[in-house]
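> no sequence on this one, just coordinates:
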């Protein structure tokens, strides 16, 4: 629930964190579009999806930023003082849920697409992961906007069920499909799943803050901070790890491409002095 | 601390400098993205990161500009007169710190990546430089937003410790890794370190102005001018020097590429009249 007032420090914290998320998502999106040529064509779709996810997040954070700015006002000269809720404008938490409804299925799509599994395995993973992700977000929303802790609790539990199912698919089913992947890819996928678990875990914690009797201004600021930082890790950092997987797999698939990029097959850059010959011959 | 009022000249100075920074960063970012093809693929990551840094800075300066414009108002007809702090809006110094939190680690990343050192040396430099840079910015912020000179001083000193560590890594550790680099690269790296020291040195000076008893409007304008000019040198000019290093190294690595670009191996442009033959043969 939106607090009646925020201190200057609380207002500044949310304000600056929201701007940080905009910058992080926007420029990660631009970066991921710019480095397309640095992976083989078959991995570019995963990079484009990652860029789209960060772009969608940047758009929603522009909206969230404007909504937050309009929702609180201060009468102090120089704008240094207590902020209270504005008349006629409220903070719209719905932007976050619309964002997640679009981006969370895409995040799972990125992970499956970059692995370039066999078409049958890929389809089988996606038809289970994408509906589960959509259900997870849709079930969280009624609890988020409700002022009743009972309703918040019930929908929180309902939303956790598809979340647990997604973890099952990623940690059990996906593992079976990784046998033929290069060692470096297996390691990175393991790290990504841990990142996914750790950052996605922040969302239910932030969601549960009002249930823990921690309502009020600091709980609300904590929730906004938690959602913001989790969004940076789960989208921007995650997208950069997808790029890393795509690079490693590109080098493993095509030694000539690895040489042009100044890497040997294992993905290690060669010493500069030894480079000229293979680079020239690879052209 | 934000001054209660600014003269017309002071207001105009900050206003125009902020606009200058936007133009410099935005078009340097576009330039660096446009010249990708003019270096070998292995150096393009450094150029993209340089462009992203300038892009992030441009975004934050748009925000800083809007924040500055909203923070001061004048009652004079035609807007020529003394500016005083606005009701309900303040200048947000936090944008600078969020910008630096994202860009300073990336600036160090650019420098290390463009040198294309062996993967082990590269990782060893980055795991020390990036956390130190993040710590340096994070420790500066509490002092910057505090109205107490004591707190400003303490966090200023704390923030200086990681800064000195970064200088140690760049001037001592990095030097050991430059043996195998071409002479022209060694020279440019030396120049970049001096640029880095000179421009990064402006930030602590601007930060310390209030400690020197120079509070008030002119000290505040001086601080904004110092930060703005330092940001142009440390991001845009620095990015262009990264491009120069990438060019020189591309020519040294691949004579055929150098010929296509109309340069001999040493990176010296050949006289125009002799160019057509080798360029044509390299195509």
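Great, that's in hand. Keep in mind it's a predicted model, so treat the numbers as computed, not measured. Numbers count the residues shown, from 1 in each chain, chains lettered A, B, ... in the order given.

> Relative to chain B, how far out is residue A:12?
Here residue A:12 is placed at a distance of 6 Å from chain B (Cβ to the nearest Cβ, to the nearest Å). Yep, even glycine has a C-beta here, placed from its N, CA and C like the rest.

> Check residue A:183 too.
From residue A:183 to chain B the distance is 16 Å (Cβ to the nearest Cβ).

> do residue A:153 as well
35 Å.

> What helix or strand is that residue located in?
Applying DSSP states H and E as the criterion places residue A:153 in helix A:149-168.

> Name the next helix or strand downstream of that helix, please.
helix A:174-176.

> Next, the buried residues of that next one.
residue A:174 (16 or more other Cβ atoms under 10 Å in any protein chain shown).

> Which single residue in the stretch 151-283 of chain A comes nearest to chain B?
residue A:262 (3.3 Å; Cβ to the nearest Cβ).

> what's the closest non-adjacent residue to that residue?
With sequence-adjacent residues excluded and distances taken as Cβ to Cβ, 6 or more residues apart in numbering or on different chains, residue A:262 is closest to residue B:42, at 3.3 Å.

> correct me, but that neighbour touches residue A:261?
Yes - between residue B:42 and residue A:261 there is a contact under Cβ atoms under 8 Å: 5.6 Å.

> The two: which has the busier surroundings?
Set residue B:42 next to residue A:261 and count neighbours by other Cβ atoms under 10 Å in any protein chain shown: residue B:42 wins out with 26 against 23.

> Surely the more buried one is in a helix?
Yes - under DSSP: H, G, I helix; E, B strand; the rest coil, residue B:42 sits within a helix.

> roughly how far apart are it and residue B:225?
39 Å (Cβ to Cβ, to the nearest Å).

> Check residue A:100 too.
43 Å.

> Between the two, which has more neighbouring residues?
residue A:100 (25 against 16).

> is it true that the more buried one touches residue A:135?
No - taking Cβ under 8 Å as the definition, residue A:100 is not a contact partner of residue A:135, at 11.9 Å.

> where does the stretch 101-250 of chain A have low pLDDT?
Within the stretch 101-250 of chain A, the ranges that satisfy pLDDT under 70 run A:214-215.

> So which residues of it form helices?
Along the stretch 101-250 of chain A, counting by DSSP state H, counting those that start in this stretch, helices occupy A:119-145, A:149-168, A:174-176, A:183-200, A:202-208, A:217-231, A:238-253.

> Could you list every helix and strand in contact with the fourth one?
With contacts taken as 3 or more Cβ pairs under 8 Å, 6 or more residues apart in numbering or on different chains; DSSP states H and E, helix A:183-200 sits against helix A:94-114, helix A:238-253.

> what do you get if the cut-off is 10 Å, keeping everything else the same?
helix A:94-114, helix A:149-168, helix A:174-176, helix A:217-231, helix A:238-253 (3 or more Cβ pairs under 10 Å, 6 or more residues apart in numbering or on different chains; DSSP states H and E).

> Pull the contacting residues for the residue positioned nearest the centre of chain A.
A centroid search over chain A (Cα atoms, centre = their mean) returns residue A:235, at 2.2 Å, as the residue closest to the centre. Residue A:235 sits next to A:21, A:24-25, A:28-29, A:50, A:53-58, A:99, A:103-104, A:106-107, A:110, A:199 when contact means Cβ atoms under 10 Å, 6 or more residues apart in numbering or on different chains.

> and whatever residue of the stretch 1-150 of chain A ends up closest to chain B, which of the three is it?
Chain B sits closest to residue A:79 of the stretch 1-150 of chain A, with a gap of 3.2 Å, by Cβ to the nearest Cβ. At residue A:79 the chain is in coil, as set by three-state DSSP.

> wait, what's in contact with the closest residue to it other than its chain neighbours?
Using Cβ to Cβ, 6+ apart and skipping residues adjacent in sequence, the residue nearest residue A:79 is residue B:90, 3.2 Å away. Contact partners of residue B:90, counting by Cβ under 10 Å, 6+ apart, are A:8, A:11-12, A:74, A:76-81, B:2, B:67, B:70-72.

> got the residues of the stretch 101-250 of chain A near chain B?
Contacts of the stretch 101-250 of chain A with chain B, taken as Cβ under 10 Å from any Cβ of the partner chain, map to residue A:247.

> Who are the contact partners of residue A:227?
A:17, A:18, A:21, A:64, A:93, A:96, A:100, A:202, A:203, A:206, A:207.

> do that again at 6 Å, thanks
residue A:206 (Cβ atoms under 6 Å, 6 or more residues apart in numbering or on different chains).

> in the helix or strand where residue A:49 lies, what's buried?
For residue A:49, the element it lies in under DSSP H and E is helix A:44-71. Across helix A:44-71, burial judged by 16+ other Cβ under 10 Å covers A:44, A:46-47, A:49-65, A:67-69, A:71.

> repeat for stretch A:211-226
For stretch A:211-226, burial by neighbour count (16+ other Cβ under 10 Å) applies to A:217, A:219, A:220, A:221, A:222, A:223, A:224, A:225, A:226.

> Need the residues you listed in JSON lines (columns: distance to residue B:165).
Formatted as JSON lines, the entries for these read as follows, by distance: Cβ to Cβ, whole Å:
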{"residue": "A:217", "distance to residue B:165": "38"}
{"residue": "A:219", "distance to residue B:165": "37"}
{"residue": "A:220", "distance to residue B:165": "38"}
{"residue": "A:221", "distance to residue B:165": "32"}
{"residue": "A:222", "distance to residue B:165": "32"}
{"residue": "A:223", "distance to residue B:165": "35"}
{"residue": "A:224", "distance to residue B:165": "33"}
{"residue": "A:225", "distance to residue B:165": "28"}
{"residue": "A:226", "distance to residue B:165": "31"}
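
> related to what we said a few turns ago, now, which of the contacts of residue B:90 sits nearest residue A:192?
residue A:12 (33.2 Å; Cβ to Cβ).

> What helix or strand is the closest one located in?
According to DSSP H and E, residue A:12 maps onto helix A:8-34.

> quick one: contacts for residue A:162?
Contact analysis of residue A:162 by Cβ under 6 Å, 6+ apart lists A:132, A:135, A:136.

> Who wins on neighbours among those residues?
Most neighbours among those, by other Cβ under 10 Å: residue A:136, with 24 neighbours.

> Check the contact between that residue and residue A:161; I expect there is one.
No - at 8.2 Å, residue A:136 and residue A:161 do not qualify as touching, with contact defined as Cβ atoms under 6 Å.

> Need the pLDDT of residue A:274.
On pLDDT, residue A:274 comes in at 38.

> and if you look at residue A:280?
The predicted local confidence for residue A:280 is 39.

> now residue A:269
Per-residue pLDDT puts residue A:269 at 50.

> so residue A:3 sits in a helix?
No - according to three-state DSSP, residue A:3 belongs to no helix; its state is coil.

> neighbours of it, just the number please.
Residue A:3: 18 surrounding residues under other Cβ under 10 Å.

> Next up, the contacts around the nearest residue to residue A:240 once chain neighbours are set aside.
In space, and not counting its chain neighbours, residue A:240 is closest to residue A:28: 6.7 Å by Cβ to Cβ, 6+ apart. Counting by Cβ under 6 Å, 6+ apart, residue A:28 touches A:54, A:236, A:239.
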